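Student: sequence-free structure coming up:
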């Protein structure tokens, strides 16, 4: 599997206070939770993902180990690492919700730290969401 299959969605922010292995874990969780990575799908080897992300292989190994312990992925000696065949749907839903909360929290903290009042932040969010929905509605069938 090439990095382009799922890795193009993976970005490592070296300036972030979030450790690199945590960034990898969160991004793979998100790819699994959103269905970009399907149960049984083979992941890149530790070495290949490390090369593609330009990080130390031990960092990727640590991330894979955490994901394995959570039941998100499984390793089969001699075959590789795969998305777990039967990921816990409740866990996947929780992972998706946690990711959304982290995104919202980050945007909220940034806006509030810049001095925007909460009401203005809420209005801006609602306007952006409404605009996005208008732009992304499918055309009625003719």
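Tutor: Done, it's in. All figures in this text were calculated on a predicted structure; none of them were measured in a lab.
Student: grab the longest helix from the chain for me.
Tutor: helix 89-113 (DSSP state H).
Student: can you name the next helix or strand after that helix?
Tutor: Using DSSP states H and E, the helix or strand that directly follows helix 89-113 along the chain is helix 118-136.
Student: so which bits of that following helix are buried?
Tutor: residue 121 (16 or more other C-beta atoms under 10 Å). Any C-beta I mention is one placed from the backbone N, CA and C, and that applies to glycine too.
Student: neighbouring contacts of it?
Tutor: Residues outside helix 118-136 that contact it (C-beta atoms under 8 Å, 6 or more residues apart in numbering): 107-108, 111-112, 116.
Student: between those residues, which has the most around it?
Tutor: Taking other C-beta atoms under 10 Å as the neighbour criterion, residue 111 ranks highest of the contacts of helix 118-136 with 17 neighbours.
Student: now it: closest residue in space, sequence neighbours ignored.
Tutor: Leaving out its chain neighbours, the residue that sits closest to residue 111 by C-beta to C-beta, 6 or more residues apart in numbering is residue 121, at 4.6 Å.
Student: over to residue 50?
Tutor: Counting by C-beta to C-beta, 6+ apart, residue 50 lies nearest to residue 57, which is 4.1 Å off, once chain neighbours are set aside.
Student: mind giving me the domain split of the chain?
Tutor: 3-83, 89-136 (automatic domain parsing).
Student: ok, the residue nearest to residue 50 to residue 69 distance?
Tutor: Distance, residue 57 to residue 69, by C-beta to C-beta, to the nearest Å: 19 Å.
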